[in-house]
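Undergrad: predicted coordinates and the sequence they were generated for:
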Amino acid sequence: MRVAMYYHNEEVRLENMTKPKIGVGDLMVKVAASGICGSDLMEWYRIKKAPCVLGHEVSGEVTEVGEGVTRFDVGDRVVFTHHVPCNDCSYCMRGEHTLCETIHSTFFDPGGFAEYIRVPKINLDKGGVIPLPSDVSFDVATFVEPLGCVIRGQRKIGMYPGDSVLVLGSGMAGLLNIRLASSMGAGCIVATDIHPIRIQAALDSGAYEAYNGLQEEVIERAISANNNKKFDHVIVCAPGEKIFEQALSSVTLGGSIMLYAFSAPEVKFTFSLHDVFSQGITIRSTYGASPMDLMQALELLHYKKVVVSDLITHKLALEDVSWGFRLASDGSESLKVIIEPNK
C-alpha cells in the first residue's frame with residue numbers, strides 16, 4: 001500500500017509499505033480522510049521518530065474484522081484515535097486520562113497518511129473507535145480528535161457562560177477554542193494571530209475582535225475590547241516566550257492561563273511567582289483527549305453545535321502530502337489541510 005513517509009518537514013515521500021495484517025480483536029480500516037495537525041509540524045518533536053508515517057486525525061471505513069470483534073462489521077464508517085488510556089490507573093481514576101502511561105504507548109499501524117490502518121485490539125477495547133453517523137462526513141470527522149482536545153482543555157480551566165476569553169494564536173487549535181467557547185456561551189472573545197487568513201477566520205469563528213499579535217499594544221487593544229477588563233481565561237495556542245508574557249499581562253485577578261501549545265524543551269521563561277500568587281492566577285496545561293472527550297466532540301459536530309466545514313481550505317491526495325505540509329507549516333494560505341489517501 002502507499003504511505004507518506006515523514007523524514008522532516010521539507011521531506012515527506014510517497015513510498016510503498018506492506019499492508020499490515022490484522023490479528024485477534026483488530027480492525028483494518030481504509031482511510032478516507034486524515035487531517036494535518038499542528039503537532040505533525042513540530043519538527044523538533046517528530047524528527048526523533050523519523051522516518052515514520054504520521055497522521056492521527058483519521059476517519060474511514062472498516063474493511064476487515066479480526067476474530068472476536070463483535071461491535072463492528074465490514075463497511076462500518078468509523079472515526080478513531082491513536083492513543084487510548086487504560087481507564088484503570090490512578091491518573092484515569094481521577095480523570096487525568098492523558099497522563100496515563102498506556103495513552104503514551106498506544107498507536108495504530110501505521111499513521112493516518114496511509115491507504116490502510118490496522119487498529120489494534122487495545123484501541124477497540126478502551127473506547128478508541130467510535131461509529132460515525134451517516135450524516136457526518138469523513139472530512140468533518142477528522143475534527144473529532146482536535147475538538148476533543150479542546151473540550152478537555154476548556155473543562156480543565158472551568159469555562160462558564162459569560163466568561164471572557166483571549167485566544168493567543170488562531171491556528172486550528174485556536175479557532176476550535178474560539179468556536180467551542182462561543183457555542184458554550186462565552187462573553188467577550190478576542191483573538192490574535194500573525195496571518196490575515198487566520199485573523200479573519202477568528203472573527204468568522206465568533207471572536208468579537210481579532211488582532212495581529214505582532215502589533216504594538218495588542219494586549220492593550222484586546223483589554224479595551226473587553227470593556228477595559230482583563231480576561232477570565234487566556235488560552236495560549238502558539239509557542240514562545242513572548243506569547244506567555246502576553247498571557248500573564250492580560251489575565252484578570254483569579255483568572256486562568258491554559259497552555260495549549262507545545263514549546264520546545266529549550267524554551268525557558270522567567271516570571272514573578274509573587275505576581276502569580278498574589279493575583280490568584282491559575283496556570284494549567286493540557287494534552288490530548290480521552291474517549292469521553294472524543295464522544296462529546298462527535299456529538300457537537302453531529303448536531304452542528306460546532307461547525308467546522310468552512311475551516312477546510314485544502315483537500316489533497318496522498319501524493320500531495322509534502323505540499324500539504326508546506327501549506328500547513330507556512331500558515332499564510334491555509335486553515336485546515338486534509339489528506340484523502342484513497343482518492
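TA: Structure received. Residues are numbered from 1 along each chain as shown.

Undergrad: so where do the helices sit in the protein?
TA: Per DSSP state H, the chain carries helices over the ranges 43-46, 90-93, 121-125, 138-141, 144-157, 172-183, 196-205, 218-225, 241-250, 273-278, 291-302, 321-330.

Undergrad: and the residue nearest to residue 81 when sequence neighbours are not counted, what does it touch?
TA: Counting by CB to CB, 6 or more residues apart in numbering, residue 128 is the residue found nearest to residue 81 once chain neighbours are left out, at 4.7 Å. Just so you know, the C-beta spots here come from the backbone N, C-alpha and C atoms, and that holds for glycine as well. Residue 128 is in contact with 80, 81, 82, 83, 84, 106, 119, 122, 291, counting by CB atoms under 8 Å, 6 or more residues apart in numbering.

Undergrad: ok, now how distant is residue 128 from residue 234?
TA: Residue 128 is 31 Å from residue 234, where distance means CB to CB, to the nearest Å.

Undergrad: cool, and residue 72?
TA: 41 Å.

Undergrad: between these two, which has more neighbouring residues?
TA: Neighbour totals were compared for residue 72 and residue 234, and residue 234 leads with 31 against 17 (other CB atoms under 10 Å).

Undergrad: hang on, that one packs against residue 168?
TA: Yes: counting by CB atoms under 8 Å, residue 234 does reach residue 168; the two are 6.6 Å apart.

Undergrad: which neighbours do the two share?
TA: Joint contacts of residue 234 and residue 168 (CB under 8 Å, 6+ apart) are residue 247.

Undergrad: other residues contacting stretch 83-102?
TA: Among residues not part of stretch 83-102, those counted as contacts by CB under 8 Å, 6+ apart are 56, 103-104, 106-107, 122-123, 126-128, 152, 286-291.

Undergrad: out of the helices of the chain, which is closest to residue 20?
TA: Of all these, it is helix 121-125 that lies closest to residue 20, at 13.0 Å by CB to CB.

Undergrad: which positions in the closest one come out as buried?
TA: 121, 123, 124 (16 or more other CB atoms under 10 Å).

Undergrad: of the residues you listed, closest to residue 162?
TA: Residue 162 lies nearest to residue 123 out of those, by CB to CB, at 38.5 Å.

Undergrad: got a list of what the closest one touches?
TA: Shown in contact with residue 123 (CB under 8 Å, 6+ apart): 80, 81, 82, 84, 106, 108, 129.

Undergrad: next one: residue 193
TA: 169, 170, 171, 174, 199, 202, 210, 212, 213, 238.

Undergrad: residue 26 now?
TA: The neighbours of residue 26, taking CB under 8 Å, 6+ apart as the test, are 66, 69, 118, 119, 120, 121, 124.

Undergrad: now with 7 Å?
TA: The contact partners of residue 26, taken as CB atoms under 7 Å, 6 or more residues apart in numbering, are 66, 118, 119, 120, 121.

Undergrad: pull the number of nearby residues for the third one.
TA: Number of residues near residue 119 (other CB under 10 Å) recorded here: 28.

Undergrad: and the gap between it and residue 16?
TA: 21 Å.

Undergrad: could you do residue 294 as well?
TA: 31 Å.

Undergrad: sorry, back to before: save the buried residues of helix 121-125 as TSV, and put in distance to residue 9 and pLDDT too.
TA: Formatted as TSV, these follow (distance: CB to CB, whole Å; pLDDT from 0 to 100):
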residue	distance to residue 9	pLDDT
121	33	97
123	28	96
124	32	95
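
Undergrad: any idea how far residue 295 is from residue 129?
TA: Distance from residue 295 to residue 129, by CB to CB: 11 Å.

Undergrad: how about the closest residue to residue 56 other than its chain neighbours, what does it touch?
TA: Spatially, and ignoring its direct neighbours in sequence, residue 56 is nearest to residue 82 (4.1 Å; CB to CB, 6+ apart). The contact partners of residue 82, by CB under 7 Å, 6+ apart, come to 56, 107, 108.

Undergrad: okay if I get these as TSV plus neighbour count, pLDDT and distance to residue 267?
TA: Listed next are the contacts of residue 82 as TSV, based on neighbours: other CB atoms under 10 Å; pLDDT from 0 to 100; distance: CB to CB, whole Å:
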residue	neighbour count	pLDDT	distance to residue 267
56	22	96	24
107	16	92	26
108	26	93	30
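
Undergrad: which one of the residues you listed is nearest to residue 252?
TA: Distance to residue 252 across the contacts of residue 82 (CB to CB) is lowest for residue 56, with 35.0 Å.
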